[in-house]
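**Q** Have a look; sequence and predicted model below, questions after that.
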Amino acid sequence: MPTLTRLRTVIASMAVALLSVAAFAQAPVITTQPASASIAFGANATFNVVATGGAPLTYAWFKEARLVSFSANAALTIASVNPGDAGAYRVVVSNSAGSAVSNSVTLAVTGTGGSGGGPTPPPPAAGTAPAITTQPASLALTSGANATFSVVAAGTAPLRYQWSKNGRSIGNGTAASLALTGVKLDDAAIYTVVVSNSAGNIASSPASLTVSATAGAITAAPANQTVNAGTEVKLTVTTAGAGLSYQWKFNGRTIKGASTATLTLPNVGVTAAGNYGVTVSNSNGPLGASAAALAIHTDARLVNIAARGHVGEDDEVLISGFVTRGEGVKKILTRAVGPTLGTQFGVAGALAAPKLTLYRGSSVIDSNSTWGGSAAVAATFTAVGAFPLPAASADAAILTNLGPANYSAAVTAPRGQQGVALIEVYDADSGAPAGEIVNISTRALVGSEVANTLIAGFSIRGTTSDTVLIRGVGPSLGTLFGLRRALGASHVTVYDSKGVELAANTTWGKSGKGDEDDERDEDKEDDIDDASDRVGAWKLPRGSTDSALLLTLAPGVYSVHVTGLRSATGIAMVEVFEVR
C-alpha cells in the first residue's frame, strides 16, 4: 500500500494497549518509582514500586534483560545478596489496559561476607571501579581432571568475585579463581565472573570448559562469538573418530534437528544470544561435551510507525497505545489522517473528518479535529519525514511534549460517519534525546474486506537488523478481557516495502504458518513467551487462535496486515514490539 511505504513514526518495545470502548480503562501509572540500594553482602534486598490502575496489576521485574520475577506482588526481594546480584533492575507494571515501565535502578552489594562473625566494615565511599586485566581462559580437559579458571582485576580494594556457570551463580565461586575437582561431562559449560567493589562492577568475557571422556575425543571446541544481528552464525565442534552423533542445546533446551558437528543459525536476532552446548556420542554413549557463548550486537531501532483501520460508531474506534521511556520530556507528533488518504493516495472510503484525542490513562491531554495548517506543525512533518497534509484539510494533528509514561491516541468519527483512517505517532526530537518511544498497539474493527484490514506500518533504522514481536490479537481480547465483538480468529501477514510477503501466521503456537493442518510447536511457544516477557507484554494463552510472529528484520520499511480468518469480523489488535 503506497501510504504505508511512506510512513515515518518512531516506536520500540514494552506495552499493551487494550482499551475499553465505552470508557478508556485505567492503564497503570507508576506513582512511586523503585529506588537504588546498597546492600551488605548476605543481607536481603527489596525493591518497591507503587502504581495505580485497573486491577489486577501484575509486576514483571528484570535484571538487565533477564526476567527475574513475574507476579502480583509489587515488591521484589532478593535473599542473601552476593556480588552476582549487583546490576540494573526495572519493573514493568501491566494490566488489561496497558503497561508502565519504571526507571532503571541499581543494586550495589557491599562488604566481603567474611567469616569474622561481626558486621562487615563499609567499603570506601569512593574509589576506582574494577577493570579486568587478565580474562579467564577456556579449558579443554579429560574427565576426572581438575579445572581452574582465574581472573586478574585492578580497582579499589576490596574486590569481590562471583562466578557463574551458564548464567547461574556458583555458591562457593567467590574468589579470584574457581577450582573444579574431577570434572565430568556435565561440567562442560560457559563460565563467567563478575568483579565488584564500592565503585562498580564488571563482567568477564565468557570462558568455555570442554570435557572429553577419553583424551582427544573433542579436538577443538566451538568458538565464542559476538556478531551483529541479522548475520549467519556457524558453531562447529571438531572431533576425532567415526560414527559419531551430535546434539546441540540452547540455554539447556534441546534444539530439534541440530545433530551435526556444525550448528548453523541464520539471521540471528537478540533472542539467539546465550549459551550453546553440544554433546558428542558414539554407539557406546557420550564421548565429550563442549559449549560456546553467542553475543548479539544491534544498533537498530524502530522508527516511523503507523496503523490504518476502520473507524465508525460505538466500539468501532481506532485506538493506538504507545509508551515513552527514559529521562525528561519528549516532543511527540501524533496524526489522524482521513481525507488525505483519499485525495492523495486513492484510498476508497477514507474517513472525511477524523477526531484525534490523546490520553494518559483516562485523562485527556489534548484533542484536535482540523490541524489548521500551522507553519510550526507543517515544519515538523518535514523534519520527521511525514508526508504533507493540505493546510485546509480536515486531517488532525497534535504536537506536544510528553514525559515517560503510557499514552493512547483514539480516532473517532462524527456521528453517522465511518471510514478508513491512519493513525501515526512520530518522535519529533532531533539528535539523540534521552527518551524514546517503545512499542505501539492499535485496536480496531477487522473484517474480511480490504477496507476492514487492520494495517500497521513501521520502519527499522540502523546498521544491523532488529528483532520484533508482532501479534494479531483477537480471540484473547474476549476470553481474557471480556471485550464484546472480539475477532474469533486472526491472521497476520508481514510485507516488505515492495509488497513481498515475508512471513504469515494464523495460530501462534503451531509450526509453519500455523495453519489448520500444522502441528503444535512448543519451542515456538516458548520463544514467543520469552519475547513477551522481555517486552512486558501479557502472554497469549496456549492453544488460542491469536496470531504472532517473532522476526529479525534488516533496516527498511514493513507493513503488518491483520485480517479475520474465514471471513470473520470483529475487534482485533495489532502490536509491534521491539525486543531487547
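**A** Okay, I see it.
**Q** which one is residue 228 nearest to, not counting chain neighbours?
**A** Distance criterion Cβ to Cβ, 6 or more residues apart in numbering; nearest residue to residue 228, sequence neighbours excluded, is residue 464 at 4.4 Å. (Each C-beta comes from the backbone N, C-alpha and C, glycine too.)
**Q** How many neighbouring residues does residue 347 have?
**A** Applying other Cβ atoms under 10 Å, we find 24 residues neighbouring residue 347.
**Q** what bits of the stretch 1-150 of the chain have low per-residue confidence?
**A** Counting by pLDDT under 70, the stretch 1-150 of the chain contains low-confidence residues at 1-27, 64-67, 70, 96-99, 112-126.
**Q** Could I get the phi/psi values of the residue nearest to residue 228?
**A** Main-chain torsions, residue 464, degrees, to the nearest 10: phi -120, psi 180.
**Q** For it, give me its contacts.
**A** Going by Cβ atoms under 8 Å, 6 or more residues apart in numbering, residue 464 touches 228, 229, 230, 297, 298, 299, 300.
**Q** From residue 299, how far out is it?
**A** The gap separating residue 464 from residue 299 is 6 Å, by Cβ to Cβ, to the nearest Å.
**Q** again with residue 372
**A** 38 Å.
**Q** Show me where the protein has its helices.
**A** 339-345, 375-384, 475-479, 522-535 (DSSP state H).
**Q** Residue 204 contacts residue 195, correct?
**A** Yes - counting by Cβ atoms under 8 Å, residue 204 touches residue 195, with 7.3 Å between them.
**Q** Looking at the two, which has the bigger crowd around it?
**A** Taking other Cβ under 10 Å, residue 204 and residue 195 do not tie; residue 195 has more neighbours (24 against 20).
**Q** does that one really touch residue 163, like I thought?
**A** No - counting by Cβ under 8 Å, residue 195 does not reach residue 163; the two are 10.3 Å apart.
**Q** Run through the residues that contact the residue lying closest to residue 525 once chain neighbours are set aside.
**A** Setting aside the residues directly before and after it, residue 525 is nearest to residue 509 in space (Cβ to Cβ, 6+ apart), at 4.6 Å. Residue 509 makes contact with 520, 521, 522, 524, 525, 528, 540, 542, 543, 544 under the criterion Cβ under 8 Å, 6+ apart.
**Q** go with 6 Å
**A** 520, 525, 542 (Cβ atoms under 6 Å, 6 or more residues apart in numbering).
**Q** from those, which is closest to residue 378?
**A** Of all these, residue 525 has the smallest distance to residue 378: 47.2 Å, by Cβ to Cβ.
**Q** Distance of that closest one relative to residue 472?
**A** Taken as Cβ to Cβ, the span from residue 525 to residue 472 is 16 Å.
**Q** And residue 575, by the same measure?
**A** Between residue 575 and residue 472 the distance is 8 Å, computed by Cβ to Cβ.
**Q** Could you do residue 242 as well?
**A** 50 Å.
**Q** Of the two, which one has the most company?
**A** Higher neighbour count among residue 242 and residue 472: residue 472, with 30 against 6, using other Cβ under 10 Å.
**Q** can you list the weak-confidence ranges in this protein?
**A** 1-27, 64-67, 70, 96-99, 112-126, 303-304, 314-315, 325-327, 430-438, 448-451.
**Q** Near residue 489, how many other residues are there?
**A** 20.
**Q** Residue 291 contacts residue 190, doesn't it?
**A** Yes - assessed by Cβ atoms under 6 Å, residue 291 is found in contact with residue 190 at 5.1 Å.
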